[in-house]
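Chemist: Provided below are the primary sequence and the corresponding predicted coordinates.
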Amino acid sequence: MNTSKGTRAYHSPLRTEKAARTRRLIIDAAAEVFAERGYAGATMRLVAARAGVSVESVQGVGTKAALLVQAFKQAYAGADGWRSILDEPDLLAIMSLEDTREAIAEYAAFIAAANRRSAGLWPAVRTASVSEPGVAAAVSELLALKRQDFLTGIGWYVGRGIVDAGADPGAVAPYLYVLTSQETYDQLVHDWGYTVEAYTRWLAEAIGKLGVSTDGLPPAG
């Protein structure tokens, strides 16, 4: 008579939590290393040293390219995957503010905080996308999502009287994209010496003049 019993996989919440913390620690360390060294200069050994773990632990999170994508996603979206900015509760609260000038100021601060988190990482991502298909695919996915967000978001500007109802979204959206982009943040803060506070004021003023600035601009393509 067979008295053997089937074994059940052991699941430890504490072990799972510890693994999640270690993974987050590694990704945070990777974000710092990529921002400081760029994609070419970053190594798994440097990430391991910064995180205080073994190289094997870093490799367990993913390849160098995958680690870069995860680091950028965590810095940009605070999650493992991209999500529409229009699904952000904080942004929805900003868009609901009655005072348009206050809403613009809060939106500018929201964008400044996001760009500040990912400063240094975006250039590394762009560089890696040239030679790493996985990074290129992630960039394409993000840009497609951002493009749709900006096109959809034009309705808010029209509703607040910032942009004329007859304006071409295909001309307004890319202009707003450039204003709020990581590249513009980097150029003003790093190249021109703007403080983050000055950048935020600059962005709010530029957004407030969005209708006048885009009048007559051709759409993309």
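Modeler: Everything's here; your move. A quick note: this is a predicted structure, and the numbers were derived from the prediction, not measured.

Chemist: So what touches stretch 95-102?
Modeler: If you take Cβ atoms under 8 Å, 6 or more residues apart in numbering as the criterion, stretch 95-102 is touched by 103, 106-107, 156, 160-162, 208. No exception for glycine: its C-beta is placed from N, CA and C like everyone else's.

Chemist: which of the residues you listed has the most neighbours?
Modeler: Y107 (22 neighbours; other Cβ atoms under 10 Å).

Chemist: ok, back up a step: switch the contacts of stretch 95-102 over to JSON lines; also include pLDDT, secondary structure and distance to R116.
Modeler: Listed next are the contacts of stretch 95-102 as JSON lines, based on pLDDT from 0 to 100; DSSP: H, G, I helix; E, B strand; the rest coil; distance: Cβ to Cβ, whole Å:
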{"residue": "A103", "pLDDT": "97", "secondary structure": "helix", "distance to R116": "20"}
{"residue": "E106", "pLDDT": "97", "secondary structure": "helix", "distance to R116": "15"}
{"residue": "Y107", "pLDDT": "96", "secondary structure": "helix", "distance to R116": "15"}
{"residue": "W156", "pLDDT": "95", "secondary structure": "helix", "distance to R116": "23"}
{"residue": "R160", "pLDDT": "95", "secondary structure": "coil", "distance to R116": "26"}
{"residue": "G161", "pLDDT": "95", "secondary structure": "coil", "distance to R116": "30"}
{"residue": "I162", "pLDDT": "95", "secondary structure": "coil", "distance to R116": "25"}
{"residue": "G208", "pLDDT": "95", "secondary structure": "helix", "distance to R116": "21"}
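
Chemist: Now the two most distant members of these.
Modeler: Within the contacts of stretch 95-102, E106 and G161 form the most distant pair, 17.7 Å apart (Cβ to Cβ).

Chemist: ok so, going back, between the contacts of stretch 95-102, which is closest to Q182?
Modeler: Closest approach between those and Q182, by Cβ to Cβ: Y107, at 16.1 Å.

Chemist: Okay, that closest one and W202: tell me how far apart.
Modeler: 13 Å (Cβ to Cβ, to the nearest Å).

Chemist: do G166 as well
Modeler: G166 sits 28 Å away from W202, going by Cβ to Cβ.

Chemist: Identify the residues contacting the residue nearest the centre of the chain.
Modeler: When Cα atoms, centre = their mean is applied to the chain, the residue found nearest the centroid is Y76 (2.5 Å). Remark: with contacts taken as Cβ under 8 Å, 6+ apart, Y76 is in contact with 114, 117-118, 121, 142.

Chemist: still on that earlier bit, what about G166 and W202, which has more around it?
Modeler: W202 (17 against 6).

Chemist: What helix or strand is A109 located in?
Modeler: Assessed by DSSP states H and E, A109 sits inside helix 100-118.

Chemist: and the direction of the helix or strand following that helix versus that of helix 100-118, what angle?
Modeler: Sequence-wise, the next helix or strand downstream of helix 100-118 (DSSP H and E) is helix 121-129. Interaxial angle, helix 121-129 versus helix 100-118 (axes from the mean of the first three to the mean of the last three Cα atoms, to 10 degrees): 60 degrees.

Chemist: Quick one: list the elements packing against helix 121-129.
Modeler: Applying 3 or more Cβ pairs under 8 Å, 6 or more residues apart in numbering; DSSP states H and E, we find helix 121-129 packed against helix 13-41, helix 64-77, helix 133-159, helix 182-186.
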